[in-house]
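Peer 1: Predicted structure and sequence below. I'll ask about it afterward.
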Amino acid sequence: MKRLLRAIVFALLAAAPLAARAEVSPELTNGIAAARADYERARKALDKLDWSAAISALESAARHDPQDAEFQNLLGFAHRNKGDMDAAFRHYRAALDLNPFHRGAHEYIGRAYLMADKPEKAVEHLRSLERNCPDGCRERELLKKAIEEYPWPDATSRMTRSY
């Protein structure tokens, strides 16, 4: 994420001719820098499992860069771990609205659906991951394993599911 933000700033600066560099919006570069700083605070809070601090930092990052799907995905993750499933689903959906191919959001919302006892919805997101990374990816394998380990109502139902 840090590299992506830095790359965007450098790309904007490199694309502008030297004479026009003064026209690069300070709000844009300040917003990206602020979002990056907020993201770093959030990562540290996530590493400490401090969900409230992570949520606060990620909300600030999302205000500075509302088009970043990863901020929404991580907000969903933090809310899910804090136990607020409604907020978690809201942020996962926002991440997928911003980027329908976001593998992490598909995995995490699938896990949230398992926690909410809606395994069929989790399977829908596994199918999305199968389409988005047909050769396999970490998120697809993790969600598949979580679905396989889910306590389906009966063994037959679990064994006959195609996921």
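Peer 2: Nice, I can see it.
Peer 1: dump the residue contacts of the nearest residue to A54 once chain neighbours are set aside.
Peer 2: Counting by C-beta to C-beta, 6 or more residues apart in numbering, the nearest residue to A54 once its immediate chain neighbours are dropped is A45, at 3.9 Å. C-beta here means a position set from N, CA and C on the backbone, and glycine is covered the same way. Listed by C-beta atoms under 8 Å, 6 or more residues apart in numbering, the contact partners of A45 are 51, 53-54, 57.
Peer 1: and L129, what is it in contact with?
Peer 2: 103, 106-107, 110, 137, 139-140, 143.
Peer 1: What mean pLDDT does the one helix or strand it maps to get?
Peer 2: Applying DSSP states H and E as the criterion places L129 in helix 119-132. Per-residue pLDDT values over helix 119-132 give a mean of 97.
Peer 1: name the helices or strands packed onto whatever helix or strand comes next after that helix?
Peer 2: As assigned by DSSP H and E, the chain's next helix or strand after helix 119-132 is helix 138-149. Here helix 138-149 touches helix 103-115, helix 119-132, going by 3 or more C-beta pairs under 8 Å, 6 or more residues apart in numbering; DSSP states H and E.
Peer 1: rerun at 10 Å
Peer 2: With contacts taken as 3 or more C-beta pairs under 10 Å, 6 or more residues apart in numbering; DSSP states H and E, helix 138-149 sits against helix 103-115, helix 119-132, helix 155-160.
Peer 1: Can you name the residues that contact the residue positioned nearest the centre of the chain?
Peer 2: By C-alpha atoms, centre = their mean, the mean C-alpha position of the chain lies nearest to N73, the distance being 2.4 Å. If a contact means C-beta atoms under 10 Å, 6 or more residues apart in numbering, then N73 has 58, 91-92, 94-96, 98-99, 102-109 as its contacts.
Peer 1: ditto for D38
Peer 2: Neighbours of D38 in contact, by C-beta under 10 Å, 6+ apart: 56-65, 71.
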